[in-house]
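Participant: got a predicted structure here, sequence first:
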Amino acid sequence: MCENHLINTIFTDFQKSLDGEQEIREVIRNICKEIGQISREVTTVLQVIHHNEAGIGPACLKARESFEKAREGYGKLKEAIPDTDYYKYQEHWRNITQRYCFLIALTIWLEKGILATHETVAEILGISAEEEKTGFHLDIEDYLCGLLQMCSELARLAVNSVTRGDYDKPLQISKFVMELNAGFRLLNLKNDHLRKRFDVLKYDVKKIEEVVYDLSIRGLRPKTDEQ
Amino acid sequence: MSGRYHHRGNRNKNSNQTLSSVARETAISLPADSPVLAIFRAAALKLNDRQDRHERLVKLSRDITIESKRIIFLLHSAITKESQEKTLKEADERFQKLIKGPIRSIGLELENSPAYLHSRAVTAGFQEYIEARTLYSLMATKQIITFPEVVKEFSYTIQSEDGEERTVVTMLPEIDYMLGLTDLTGELMRKAINSISSGDSDECFQACQVVRDMYTGFLGITGNRLLGKKLSVTRANVAKVEMAVYALRVRGGEAPPTLLLPAAPSEWEGPTSTGNFSDDEGYY
């Protein structure tokens, strides 16, 4: 303890706010453990799409159920974090949220063959899509990252569906991922995390292209080609 | 940036179907304006917005850094008591300009966006500002300005065109304040050493004590990575100051006062040739 009272107060006050921060982080970590676990469950459940066509529907339903649970977790997270501090603690849930964006986008694509919008994903997680001064929301970068992860999964699915004898799906995937690829090119990406993830996309595109090519030259491509 | 794709080698040039032609076919079949592209256009706007704001903030932060550095320099340049008053006044004016200028702009820029998203853009400016501001407050009032006091200065009442008043606050993260304080120890070290050469050993001892107190305080703080990194620098500053004070005490008597006192403030009577150190002991 030093004698200078004022300096003393400065440091004790700061330590107090650090302690408060630690407490919040502890709470966040616990919630994140929970929703992280759920996200891993969904990932496992969705693996069935690679080897069992019939399993896709039930897997999506199961995934939807888990998203409900995740939604509760996000509700708790929203409570735990001071309104203005979303980005202060973001690193705790960033990866998990990206994973959820991936899972939700994949589920919706499997169900309806369309791209889930930022708003839809946010709604499923029960959070806002709008970035405002305060409040918990779905960061646009996390959403985009989730889409990129989905593209990698779809590239894998394209290969596996051919193995399964489904020559239709690769074409559908190819069209979808091409469109996403064109979309990502509209973005001005900085040299950051998202950019690095985007650079992987071309390998996914290439993989899908090769599958479609293999089908084409062997005449395995479905004749009903009305694109 | 057009819709071309990375494709690898045309292995089957003679066949009418190649890897690239298949790919091109898919690319061409894409509608020019699909809902998917609309989603990405919206996302592009959001990302651009964010990046532009970031750039503007970095620029503002840099302005604050430069001006704060100059103010610190100005504060160091004061040697005599009279000139110190003048420089303090000037420094205060320049602080006010900073508060009403760039710092206010940061508040306005972040009025509708989450402040922590961009805290990395402005942290350098804030730290430097805190360094200058605390140094100033130490010189003017002998007290370090506290975090709540600084925050109070960052609150503005803005009158919009339709006459409505609203309050805009420039958010200063407490960690930036603390990081600024660690830098302050460096400035105090410099100041202590400067005050030796200007003969004001009283000030030197004071500065030394403040640096020590602050180091003691930082030692007690746990749980922050950034502060931990700066701790070693602070430690080096303490060591330097203590060495300087030690030298002043031990060898102060050896140098003729004329050498020590270029500005020769009359009230200071340094120990002359053969030490009356006992006097010193009493004072310090």
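Facilitator: Here it is on my side, so go on.
Participant: number of residues surrounding residue A:218?
Facilitator: Counted with other C-beta atoms under 10 Å in any protein chain shown, the burial measure for residue A:218 works out to 9 neighbours. (Each C-beta comes from the backbone N, C-alpha and C, glycine too.)
Participant: where does the stretch 151-284 of chain B get nearest to chain A, residue-wise?
Facilitator: Closest residue of the stretch 151-284 of chain B to chain A, C-beta to the nearest C-beta: residue B:217 (3.6 Å).
Participant: and that residue, that's in a strand?
Facilitator: No: membership of residue B:217 in a strand is not supported by DSSP: H, G, I helix; E, B strand; the rest coil, which gives helix.
Participant: give the contact list for it.
Facilitator: Counting by C-beta atoms under 8 Å, 6 or more residues apart in numbering or on different chains, residue B:217 makes contact with A:2, A:7, A:8, A:10, A:11.
Participant: and the pLDDT at the nearest residue to residue A:189 once chain neighbours are set aside?
Facilitator: Leaving out its chain neighbours, the residue that sits closest to residue A:189 by C-beta to C-beta, 6 or more residues apart in numbering or on different chains is residue A:195, at 4.1 Å. For residue A:195, the pLDDT comes out at 92.
Participant: what about residue A:195, how many residues close to it?
Facilitator: By other C-beta under 10 Å, the residues close to residue A:195 number 12.
Participant: do the one 4 residues further on as well
Facilitator: By other C-beta under 10 Å, 11 other residues sit near residue A:199.
Participant: what about the helices in the chain?
Facilitator: Chain wasn't specified; assuming chain A. Listed in chain order, the helices of chain A (DSSP state H) span A:5-46, A:56-80, A:94-112, A:118-125, A:140-163, A:169-184, A:193-217.
Participant: can you look at chain B instead?
Facilitator: Read by DSSP H, chain B holds these helices, from start to end of the chain: B:19-28, B:35-77, B:81-100, B:102-109, B:119-141, B:147-153, B:174-197, B:201-220, B:225-251, B:257-260, B:277-283.
Participant: as CSV, these with distance to residue B:165 would be great.
Facilitator: Converted to CSV, the helices of chain B look like this (distance: least, C-beta to C-beta, whole Å):
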stretch, distance to residue B:165
helix B:19-28, 55
helix B:35-77, 24
helix B:81-100, 17
helix B:102-109, 14
helix B:119-141, 25
helix B:147-153, 18
helix B:174-197, 28
helix B:201-220, 39
helix B:225-251, 37
helix B:257-260, 56
helix B:277-283, 54
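Participant: ok, the closest residue to residue B:126 other than its chain neighbours - contacts?
Facilitator: Of all residues beyond its chain neighbours, the one nearest residue B:126 is residue B:176 (4.1 Å), with distances taken as C-beta to C-beta, 6+ apart. Neighbour list for residue B:176: B:119, B:123, B:126, B:127, B:130 [criterion: C-beta under 8 Å, 6+ apart].
Participant: quick check on those: which are buried?
Facilitator: B:119, B:123, B:126, B:127, B:130 (16 or more other C-beta atoms under 10 Å in any protein chain shown).
Participant: show me what contacts the residue nearest to the fourth one when sequence neighbours are not counted?
Facilitator: Beyond its immediate neighbours in the sequence, the residue positioned closest to residue B:127 (C-beta to C-beta, 6+ apart) is residue B:180, lying 4.4 Å away. For residue B:180, the contact set (C-beta under 8 Å, 6+ apart) comprises B:126, B:127, B:128, B:129, B:130, B:131, B:133, B:134.
Participant: let's see it at 7 Å
Facilitator: Shown here is residue B:180, whose contacts under the criterion C-beta atoms under 7 Å, 6 or more residues apart in numbering or on different chains are B:126, B:127, B:130, B:131, B:134.
Participant: can you check residue B:95 too?
Facilitator: Shown here is residue B:95, whose contacts under the criterion C-beta under 7 Å, 6+ apart are B:71, B:133, B:136.
Participant: if I look at the last one, how far off is residue B:29?
Facilitator: Right, the one you point to is residue B:136. Residue B:136 is 67 Å from residue B:29, where distance means C-beta to C-beta, to the nearest Å.
Participant: could you list the low-confidence segments of chain A?
Facilitator: Within chain A, the set of residues satisfying pLDDT under 70 comprises A:1-3, A:223-227.
Participant: try it again with 80
Facilitator: Low-confidence segments of chain A, defined by pLDDT under 80: A:1-4, A:191, A:220-227.
Participant: repeat for chain B
Facilitator: Per-residue confidence of chain B (counting by pLDDT under 80) places the weak regions at B:1-33, B:78-81, B:160-163, B:197-202, B:223, B:251-284.
Participant: wait, isn't the residue nearest to residue A:189 in contact with residue A:184?
Facilitator: No: using C-beta atoms under 7 Å, residue A:195 is not in contact with residue A:184, being 10.1 Å away.
Participant: any residues in contact with both of the two?
Facilitator: Contact with both residue A:195 and residue A:184 is made by no residue, according to C-beta under 7 Å, 6+ apart.
Participant: so who does the closest residue in space to residue B:90 that isn't next to it in sequence touch?
Facilitator: Nearest residue to residue B:90, sequence neighbours excluded (C-beta to C-beta, 6+ apart): residue B:74, at 6.5 Å. The contact partners of residue B:74, by C-beta under 7 Å, 6+ apart, come to B:87, B:90, B:91.
Participant: okay if I get these as JSON lines plus neighbour count?
Facilitator: Compiled in JSON lines, those are given as follows (neighbours: other C-beta atoms under 10 Å in any protein chain shown):
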{"residue": "B:87", "neighbour count": "19"}
{"residue": "B:90", "neighbour count": "14"}
{"residue": "B:91", "neighbour count": "22"}
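Participant: from those residues, which is closest to chain A?
Facilitator: Proximity of the contacts of residue B:74 to chain A (C-beta to the nearest C-beta) peaks at residue B:91, which lies at 20.6 Å.
Participant: shouldn't that closest one be in contact with residue B:76?
Facilitator: No: under the criterion of C-beta under 7 Å, residue B:91 makes no contact with residue B:76, lying 10.7 Å away.
Participant: just the residues contacting stretch A:132-140, thanks.
Facilitator: Contacts to stretch A:132-140, defined as C-beta under 7 Å, 6+ apart, come from residues A:77-78, A:81, A:83-84, A:86, A:97, A:118, A:121-122, A:125, A:127-131, B:43, B:46-47, B:112-114.
Participant: same question for stretch A:81-101.
Facilitator: A:24-25, A:28-29, A:32, A:35-36, A:39, A:70, A:77, A:121, A:125, A:134-138, A:142-143, A:145-147, A:149, B:114-117.
Participant: so how do I select the buried members of these in ChimeraX?
Facilitator: To isolate the buried ones among the contacts of stretch A:81-101 in ChimeraX, judged by 16+ other C-beta under 10 Å, type:
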select /A:24,25,28,32,35,36,39,70,77,121,125,136,137,138,142,143,145,146,147,149 /B:114,115,116,117
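Participant: which of the contacts of residue B:180 lies closest to chain A?
Facilitator: Proximity to chain A was ranked across the contacts of residue B:180 by C-beta to the nearest C-beta; first place goes to residue B:134, at 9.7 Å.
Participant: residues near that closest one, how many?
Facilitator: Residues near residue B:134, counting by other C-beta under 10 Å, number 24.
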